[in-house]
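A.B. asks: need a 3D model of the following:
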Amino acid sequence: MSLSPIIVGIRFQPVGKIYHFDATHSQDLQVGDQVVVETSRGLQLGEVTEFVANPALPPEGAWKSIHHKATPRDLVLRQLLQKKELEAMINCRAKLAELKTPGVKIVGAEYTFDGSRLSFLYSTEAEGKIELRDLRNAMQRIYPRTKVEMRQIGPRDVAKMLGGMGACGMANRCCSMFLTEFSPISIKMAKEQGISLTPSEITGMCGRLRCCLIYEYQQYVDARQRLPKRNKVVRTPQGDGRVVDVHPLRGTILVELPEIGVREFPKEEVQLLDEKGNTQEIGESEKPSDGKDVPAA
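C.D. replies: Predicted coordinates for the structure are as follows:
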């Protein structure tokens, strides 16, 4: 009888995505322990964040095993590599300036734990693919014993790495504090919540739509499903009128009544009318769309 594998979640960055590994053969492992694992990019050092119950089998058919629990020597080695990463990033920025490659910013450098690979992370606002072969070759000559790679990252990843104050005024950006993955964000989410579409109101420090637009989006969708849409004819205690707006979270409806004007009513006091003037329930045709339009770039 085979025992169920012990699967743990491991994070390689302070606020990074969690990956699953097999810890069956690792003894006395606890949340918070540092471990060395084999990844597609080589050996990496990460932190155990959780034990996973009833994990789904990965696409490749099996989880990779933990190589070993990190030793004090491993932790010191990682600190040394981090210092070398800063030096490598400075060298790469200097070489980039020397080559006069426009529209490219070097935002970071990452060594694998075994030092076999050195990745330079860059961002660019240029459209299409940027050719950085000369820069890579130049850095390869500086670091001949390490395989040098150039890896492009998006503006949200750049903001996550750099940190700093959020557009809302918070001392730290959400992406740097707790967001481990970026969700697709669309203009529809702002519209559904009645948020101003002024760019300064919905754009984050990364220049993309704010991640927080998704936080309360589903609550607004659920609330709107129980309210009539704009321009629908409804019946109120003060007569029939047309819906001009709704307050989803407050559960109220603004109705324009002939010769009276706009009045606000709780949803319990309002009935939707069909084309013949008969009352009806808010049906599927009344529900707002799910907002799954094209995500912002």
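
A.B. asks: in the stretch 1-150 of the chain, what spans have low per-residue confidence?
C.D. replies: 1-3 (pLDDT under 70).

A.B. asks: neighbours of the residue nearest to Gly16 when sequence neighbours are not counted, how many?
C.D. replies: Among residues not flanking Gly16 along the chain, Thr180 sits closest, at 6.2 Å (Cβ to Cβ, 6 or more residues apart in numbering). All C-beta atoms are positioned from the backbone trio N, CA, C, and that covers glycine. For Thr180, the number of neighbouring residues by other Cβ atoms under 10 Å comes to 13.

A.B. asks: would you check how far apart Thr180 and Gly108 are?
C.D. replies: Per Cβ to Cβ, to the nearest Å, Thr180 is found 18 Å from Gly108.

A.B. asks: how about His67?
C.D. replies: Using Cβ to Cβ, His67 is found at 25 Å from Gly108.

A.B. asks: now swap in Arg136 and tell me
C.D. replies: In this view, Arg136 and Gly108 are 15 Å apart by Cβ to Cβ.

A.B. asks: settle it for me: which of those two has more neighbours?
C.D. replies: Gly108 (20 against 16).

A.B. asks: list the contacts of that one.
C.D. replies: 85, 89, 120-121, 161 (Cβ atoms under 8 Å, 6 or more residues apart in numbering).

A.B. asks: tell me the bridge partners for it.
C.D. replies: Per DSSP bridges, the residues bridged to Gly108 are Leu121.

A.B. asks: quick one: buried residues of stretch 89-108?
C.D. replies: For stretch 89-108, a neighbour-count test (16 or more other Cβ atoms under 10 Å) marks 89, 91-93, 95-96, 101, 104, 106-108 as buried.

A.B. asks: hmm, which two among these are most spread apart?
C.D. replies: Thr101 and Gly108 (17.1 Å; Cβ to Cβ).

A.B. asks: isn't the residue nearest to Gly16 right up against Pro14?
C.D. replies: No - in this structure, Thr180 is not within contact of Pro14 by Cβ atoms under 8 Å, at 10.2 Å.

A.B. asks: what segments of the chain are helices?
C.D. replies: Using DSSP state H, the helices of the chain run over 72-99, 133-142, 155-162, 174-177, 187-192, 199-202, 217-224.

A.B. asks: of these, which is nearest Ala62?
C.D. replies: The minimum distance between Ala62 and those falls on helix 72-99, with 24.9 Å, by Cβ to Cβ.

A.B. asks: residue boundaries of the strands in the stretch 1-150 of the chain?
C.D. replies: Secondary structure of the stretch 1-150 of the chain (DSSP state E, counting those that start in this stretch): strands at 7-11, 18-22, 34-39, 42-52, 66-69, 104-111, 117-124, 147-152.

A.B. asks: counting by contacts, list what the longest one packs against.
C.D. replies: Right, the one you point to is strand 42-52. The contact analysis (3 or more Cβ pairs under 8 Å, 6 or more residues apart in numbering; DSSP states H and E) places strand 42-52 against strand 7-11, strand 18-22, strand 34-39, helix 72-99.

A.B. asks: what's the most buried one of the ones you listed?
C.D. replies: With neighbours taken as mean count of other Cβ atoms under 10 Å, the helices and strands packed on strand 42-52 reach their highest mean count in strand 7-11, at a mean of 21.
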